[in-house]
Each structure stands twice: as C-alpha cells, then as structure tokens.
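Participant: quick one, what's the 3D model for this:
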Amino acid sequence: MDYEILANCTGFEWDTGNLSKNWDKHLVSRWECEQVFFNRPILIHDDQKHSIKERRIYLLGKTNMQRKLFIVFTIRNKLIRIISARDMNRKEQNSYEQLEKSTTI
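Facilitator: Predicted coordinates:
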C-alpha cells in the first residue's frame, strides 16, 4: 500500500482515551504521531488481522527528532484517527531501515 490512502485526508481526529493511552503506555505525544505522517519515507500496510469492525492501517515512520514509531490508525470522514502509537520493535526497525536504504528523497 502506498501514500494514496492519505491523499484525501484533511486532518486528524483524536479520541481522548487513545490520546492519553499512547502517552501513558509509550510516552508518545499527539504531536509526534502527527509528524510521522508528514515525514518520508513511511511504510503503510493494511492491518488485516485487526480490521474486524473497521479498516485498520499501520504505518512505520519517524518524527522530526528521528524517533521511529509504529502507528495504527483508521480513517473516518477524511480524518486520520490514531488508535495506537509506540516505538518500533527490532523487526519493524529492520523493515523501515530497508525502506530508507531503497528510497531516494
């Protein structure tokens, strides 16, 4: 999957429960989550395993401060709704680093 899924998005919508959960569990701020969507490269895939009631998508990317994050989100009414955000694990970092090596910015 590529960036096209984000082409019609007009902003972010935050559920207060998820907003505080990401900070409390993983020390990931709202601003860091949003930054990742604007920095390149990003790796986007459908999260078919968890897309039961609605389509879920995961993203690997980095913040302005180069923090590598794994973000699960959905899109509702052209708004990106963050479900979960955390630091990438080793396997995810390896996948992201491969993407960085193969991407010319």
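
Participant: hmm, who's touching the helix or strand in which residue 72 is found?
Facilitator: Secondary-structure assignment from DSSP states H and E places residue 72 in strand 68-76. Around strand 68-76, the neighbours that count as contacts under Cβ atoms under 8 Å, 6 or more residues apart in numbering are 5, 9, 13, 28, 32-33, 36, 47, 50, 54-63, 80-89, 92-93, 96. From N, CA and C alone the C-beta is placed, and that goes for glycine too.

Participant: can you classify residue 98 by secondary structure?
Facilitator: In terms of secondary structure, residue 98 is helix; the call rests on DSSP: H, G, I helix; E, B strand; the rest coil.

Participant: related to what we said a few turns ago, narrow the contacts of strand 68-76 to those in strands?
Facilitator: In strands, defined here by DSSP state E, the members of the contacts of strand 68-76 are 13, 57-62, 80-87.

Participant: restricted to buried residues, select those in ChimeraX.
Facilitator: Those of the ones in strands among the contacts of strand 68-76 that count as buried under 16 or more other Cβ atoms under 10 Å are selected in ChimeraX with:
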select :57,58,59,60,61,62,80,81,82,83,84,85
